[in-house]
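**Q** Any chance you can model this:
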Amino acid sequence: MVAAVALAVVLTNRPDDGGTASGSGGEVFLQNASASGPDPFTASTARPGGGSASPASLPPRTGSTTPEVRGSTPGLYGGTQSVASCNVEQQVRFLSGEPAKNAAFASVIGISADSVPGYLRSLTPLQLRVDTRVTNHGFRDGSATTYQAVLQSGTAVMVDGRGVPRVRCACGNPLTEPVAQKQPRTTGTPWQGYDSSQLVVVAPSVTVVNVFIVYDPQDDGWFARQHGDTGRHDKPTPPPPPPPSVSPSTSASPSPSLTSPSVSPLSPVPCVTVTGTQKPSPSNGVTPSPCPSTLSPSASTSSPTSPSDSASTGSSSPSDESSSPESGPATDGPATDGSAGLTSDSAEQSPAQPASSSAGQSLSSLSSPSSPPPSPPAPGALSLPASVPGAAPVA
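**A** Sure, this is the predicted structure:
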């Protein structure tokens, strides 16, 4: 039972079902970076040394589903600057010389046979940096076959404008999205470092990826490759910024008001400084309490500390895209103190209250002086979200 759960991340369909329906049974083929695999469309067009890309490490997965990662994620793909991982023109010649294979390839992609050369030239040759789930296709008896596969990190692929692998260069096979099935059986020899909990599914980017941010393991650097380019216009680029630190907000908040600001659990209650016999003036029917006489003025402006169990969560930086940059995961909303009786009057700031201690300030926007700074990422580190919002996971 434990083994079945562990392998649930590589759910597959039978090779003869067309890859369009999920169910039980079936096989998943483990395909190392250089092997042609069953029923290849063409001879290999991968450049020599295509299996040398540095694998990216993933955060531990908390569920049994394979996480989906946007194709625009910086560092999702690797390669060598100014060198294409695949020979695109050779791939065009191979398919053009065999009309039956060219037609079968076109049928898988959903284009006309005449459009195949232009389609191949529109793709970007790169290398996978994570073991990746796909639906692979072979060619047998004059038509395309379908099978589920895991492609090893370092596999040379051609990537479309949304960042999704579409051709496996070691065999010329067209690739499509994986199909989930229960209780698959694996075929093939696992490679060193293979871990069924370290797989991903590449989800299409929200917008067209104009430039891919690629990690080069040979010089531990980064470069930018234009969509559809074979490396002629590659340019060095700075590493993507590390994921921002986000402090979690209070999780148990009974029905907070959506129309008025809430008071953070760590925000000070508004007060006024009283001198002599002066009494505080009511504000909206609420009389603020006097500030403690022992507090210095600087104490009222200090930032409140965040909960001791606060943790940092990463978000991937998007590649350059044709329109607005891709949105990251939604941030936590304002924190509340758990009291449903609070209204906008109780959160209103008195005239004498410093602006830095506003009662409506959310916990997620506060600095955390008690939390240590995040550790610098490892060279070429890839921080991936657990899943893509709105995408159906392969489970």
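**Q** What separation is there between Asp234 and Asp39?
**A** Asp234 sits 34 Å away from Asp39, taking CB to CB, to the nearest Å as the criterion. Where you see a C-beta, it was placed from the backbone N, CA and C, and this is true even at glycine.
**Q** who has more neighbours, these two?
**A** Between Asp234 and Asp39, counting by other CB atoms under 10 Å, Asp234 is the more crowded of the two (21 against 17).
**Q** residue contacts, the more buried one?
**A** Asp234 is in contact with Gln81, Ser82, Phe223, Ala224, Arg225, counting by CB atoms under 8 Å, 6 or more residues apart in numbering.
**Q** how about the last one, secondary structure?
**A** The one in question is Arg225. Secondary structure of Arg225, reduced to three states by DSSP: H, G, I helix; E, B strand; the rest coil: strand.
**Q** I'd assumed Gly231 was in contact with it.
**A** Yes: Arg225 is within contact range of Gly231, at 6.7 Å (criterion: CB atoms under 8 Å).
**Q** Spit out the residues that contact these two alike.
**A** By CB under 8 Å, 6+ apart, the residues touching both Arg225 and Gly231 are Gly79.
**Q** Looking at those two, which one has more neighbours?
**A** Each of Arg225 and Gly231 had its neighbours counted (other CB under 10 Å), and the higher figure belongs to Arg225 (27 against 19).
**Q** so what's the more buried one up against?
**A** Gly79, Thr124, Leu126, Val211, Phe212, Val214, Gly231, His233, Asp234.
**Q** Need the nearest residue in space to the second one, chain neighbours excluded.
**A** Take Thr124 and drop its neighbours on the chain: the residue closest to it by CB to CB, 6 or more residues apart in numbering is Val159, 4.7 Å away.
**Q** Residue ranges in the stretch 201-350 of the chain under the pLDDT threshold?
**A** By pLDDT under 70, the low-scoring segments of the stretch 201-350 of the chain are 243-350.
**Q** go on, the stretch 1-150 of the chain?
**A** By pLDDT under 70, the weakly predicted segments of the stretch 1-150 of the chain are 1-25, 49-55, 57-64.
**Q** can you give me the strands for it?
**A** Using DSSP state E, counting those that start in this stretch, the strands of the stretch 1-150 of the chain run over 27-31, 68-70, 77-78, 124-128, 132-140, 143-151.
**Q** and these as JSON lines, adding distance to Gln90?
**A** Output for the strands of the stretch 1-150 of the chain, formatted as JSON lines (distance: least, CB to CB, whole Å):
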{"stretch": "strand 27-31", "distance to Gln90": "20"}
{"stretch": "strand 68-70", "distance to Gln90": "29"}
{"stretch": "strand 77-78", "distance to Gln90": "20"}
{"stretch": "strand 124-128", "distance to Gln90": "11"}
{"stretch": "strand 132-140", "distance to Gln90": "17"}
{"stretch": "strand 143-151", "distance to Gln90": "20"}
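**Q** right, and those - which one's nearest Gln218?
**A** Gln218 sits nearest to strand 77-78 of all the strands of the stretch 1-150 of the chain, at 9.7 Å, using CB to CB.
**Q** contacts for that closest one?
**A** Looking at what lies outside strand 77-78 - CB under 8 Å, 6+ apart - the contacts are 53-54, 56, 126-129, 154, 159, 212, 214-217, 380.
**Q** Now with 6 Å, please.
**A** Outside strand 77-78, the residues that touch it by CB atoms under 6 Å, 6 or more residues apart in numbering are Ala53, Leu126, Gln127, Arg129, Val214, Tyr215.
**Q** residues near the residue nearest to Ala144 when sequence neighbours are not counted, how many?
**A** Excluding the flanking residues, the one nearest Ala144 by CB to CB, 6+ apart is Ala104, at 4.4 Å. Using other CB under 10 Å, Ala104 has 22 other residues around it.
**Q** For Ala104, give me its contacts.
**A** Phe139, Ser143, Ala144.
**Q** let's see it at 8 Å
**A** Neighbour list for Ala104: Phe41, Phe139, Gly142, Ser143, Ala144 [criterion: CB under 8 Å, 6+ apart].
**Q** any chance of those in TSV, with distance to Leu199 and neighbour count too?
**A** What follows is the contacts of Ala104, written out as TSV (distance: CB to CB, whole Å; neighbours: other CB atoms under 10 Å):
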residue	distance to Leu199	neighbour count
Phe41	24	24
Phe139	26	23
Gly142	33	9
Ser143	29	14
Ala144	24	21
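**Q** Which members of those are the farthest-apart pair?
**A** Taking CB to CB, no two of the contacts of Ala104 sit farther apart than Phe41 and Gly142, at 12.4 Å.
**Q** all helices of the stretch 51-200 of the chain, in order?
**A** 88-96, 99-109, 116-121 (DSSP state H, counting those that start in this stretch).
**Q** For Asn173, which of those is the nearest?
**A** helix 99-109 (8.5 Å).
**Q** And the residue nearest to Ala144, how far from Met158?
**A** Taken as CB to CB, the span from Ala104 to Met158 is 17 Å.
**Q** likewise Pro40?
**A** Distance from Pro40 to Met158, by CB to CB: 15 Å.
**Q** Which of the contacts of Asp234 sits closest to Ala170?
**A** Arg225 (20.2 Å).
**Q** Please determine how far the closest one is located from Gly79.
**A** For Arg225, the distance to Gly79 equals 7 Å [CB to CB].
**Q** residues near Gly193, how many?
**A** Gly193: 10 neighbours (other CB under 10 Å).
**Q** Make a markdown table from the contacts of Asp234 and add distance to Leu175 to it.
**A** Listed next are the contacts of Asp234 as a markdown table, based on distance: CB to CB, whole Å:
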| residue | distance to Leu175 |
| --- | --- |
| Gln81 | 25 |
| Ser82 | 25 |
| Phe223 | 24 |
| Ala224 | 24 |
| Arg225 | 19 |
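**Q** most neighbours, which of those?
**A** Neighbour-wise, the contacts of Asp234 (other CB under 10 Å) top out at Arg225, 27 neighbours.
**Q** Quick check on the contacts of Arg225: which are buried?
**A** Gly79, Thr124, Leu126, Val211, Phe212, Val214, Gly231, Asp234 (16 or more other CB atoms under 10 Å).
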